[in-house]
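here are the coordinates; sequence isn't available:
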């Protein structure tokens, strides 16, 4: 791909009907840009986990996708409860999900660890009572 | 294993993408937890699940799973089928239990896609 590409998506908290829309659009966009299939799958999984976290826990959020010839970068920002202990939230299996979330197949405590597993770099900033910001980077080559 | 063979082995009803059953499933995975499917599956798997909602189809699309078998006689509603048609994901329905369906496919050579650490610890809850 040539010129840098950027697109932003709004994600509504608690809107389970629309959940996954941003991720599926991002996946389609990356495929159309001709990004390697393995990278597309890693980005799609990380985006979907991040989007579901906004839907499940936050009031609202945005996902900004940036693509350069070297990297795919996601900036995920939400207004919500924030994360009080990031190290604990990064442990597989740790979850504060409600029974409703679990009935839909989510909330197993795999979200943030799975984002980290699929990304080349993950930076998390969070303020309790305000929200959380994730900067997720994937190298294309 | 071809998806058409999975349909036959599990006596499935086909809800979507019937014309795509000549595709191959490279591995199998089974879970009602989409979080685990996202974390442990590989591209090209077939997913066996009892979870019949649109998030199952979205998860399959994201994880590059092109066939879902709903077990225990579960049936997707029209909105779920519509999304699957759009994404060209074959939705099948079987009366077998999850355990039986997995056993039949495994016995016929379809191995597991799940890449789980052997020392995985028990989940903690907040």
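In hand now; what should we look at? From a predicted model like this one, the values you see are computed outputs, not experimental measurements. Numbers count the residues shown, from 1 in each chain, chains lettered A, B, ... in the order given.

wouldn't residue A:67 be in contact with residue A:26 here?
No: contact between residue A:67 and residue A:26 fails when scored by C-beta atoms under 8 Å: they sit 9.8 Å apart. Where you see a C-beta, it was placed from the backbone N, CA and C, and this is true even at glycine.

Contacts only, for the residue most central in space within chain B.
For chain B, residue B:47 is the residue whose C-alpha lies nearest the centre (C-alpha atoms, centre = their mean; 1.6 Å). Residue B:47 makes contacts with B:29-31, B:37, B:41, B:56, B:59-60, B:65, B:67-69, as judged by C-beta atoms under 8 Å, 6 or more residues apart in numbering or on different chains.

SS state for it?
Per DSSP: H, G, I helix; E, B strand; the rest coil, the secondary structure class of residue B:47 is strand.

what's the distance between it and residue A:17?
Distance of residue B:47 to residue A:17, given as C-beta to C-beta, to the nearest Å: 22 Å.

Ok, residue B:32 next?
Residue B:32 is 20 Å from residue A:17, by C-beta to C-beta.

When those two are compared, which one has more neighbours?
More crowded of residue B:32 and residue A:17, by other C-beta atoms under 10 Å in any protein chain shown: residue B:32, with 16 against 10.

looking at it, that one is touching residue B:52, isn't it?
No: counting by C-beta under 8 Å, residue B:32 does not reach residue B:52; the two are 10.0 Å apart.

So, low pLDDT: which residues of chain A?
Counting by pLDDT under 70, chain A has low-confidence residues at A:1-2.

from it, which residue is nearest to chain B?
Closest to chain B within chain A is residue A:93: 3.0 Å, counting by C-beta to the nearest C-beta.

Now do the SS call for that residue.
Classified using three-state DSSP, residue A:93 is coil.

And for residue B:92?
Following three-state DSSP, we place residue B:92 in the strand state.

distance of it from residue B:58?
Distance, residue B:92 to residue B:58, using C-beta to C-beta: 18 Å.

and residue B:23, what is it in contact with?
With contacts defined as C-beta under 8 Å, 6+ apart, residue B:23 is in contact with B:2-3, B:66-67, B:90.

between these, which is nearest chain A?
residue B:66 (12.8 Å).

so the closest one touches residue B:89, yeah?
Yes: contact criterion C-beta under 8 Å: residue B:66 and residue B:89 qualify, at 5.7 Å.

Spell out which residues are contacts of both of the two.
With contacts defined as C-beta under 8 Å, 6+ apart, the residues shared by residue B:66 and residue B:89 are B:17, B:60.

coming back round to it: can you spell out which residues form a bridge with the residue nearest to the centre of chain B?
Counting by DSSP bridges, residue B:47 forms beta bridges with residue B:29, residue B:68.

Can you give me the separation between it and chain A?
Residue B:47 is 11 Å from chain A, where distance means C-beta to the nearest C-beta, to the nearest Å.

now residue B:76
14 Å.

For the residue nearest the centre of chain A, which non-adjacent residue is spatially closest?
In chain A, the centroid-proximal residue (C-alpha atoms, centre = their mean) is residue A:50; its distance is 2.4 Å. Leaving out its chain neighbours, the residue that sits closest to residue A:50 by C-beta to C-beta, 6 or more residues apart in numbering or on different chains is residue A:76, at 4.4 Å.

what residues are up against the closest residue to residue B:18 other than its chain neighbours?
What sits nearest to residue B:18 in space, not counting adjacent residues and going by C-beta to C-beta, 6+ apart, is residue B:90, at 7.2 Å. The contact partners of residue B:90, by C-beta under 8 Å, 6+ apart, come to B:3, B:14, B:16-18, B:20-21, B:23, B:66-68, B:84.

can you check residue B:20 too?
B:3, B:66, B:88, B:90.

Just the buried residues out of the residues you listed, in PyMOL syntax.
To isolate the buried ones among these in PyMOL, judged by 16 or more other C-beta atoms under 10 Å in any protein chain shown, type:
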select buried, chain B and resi 3+66+90
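
tell me the two of the contacts of residue B:20 that are most distant?
Spanning the widest gap among these are B:3 and B:88, at 11.8 Å by C-beta to C-beta.
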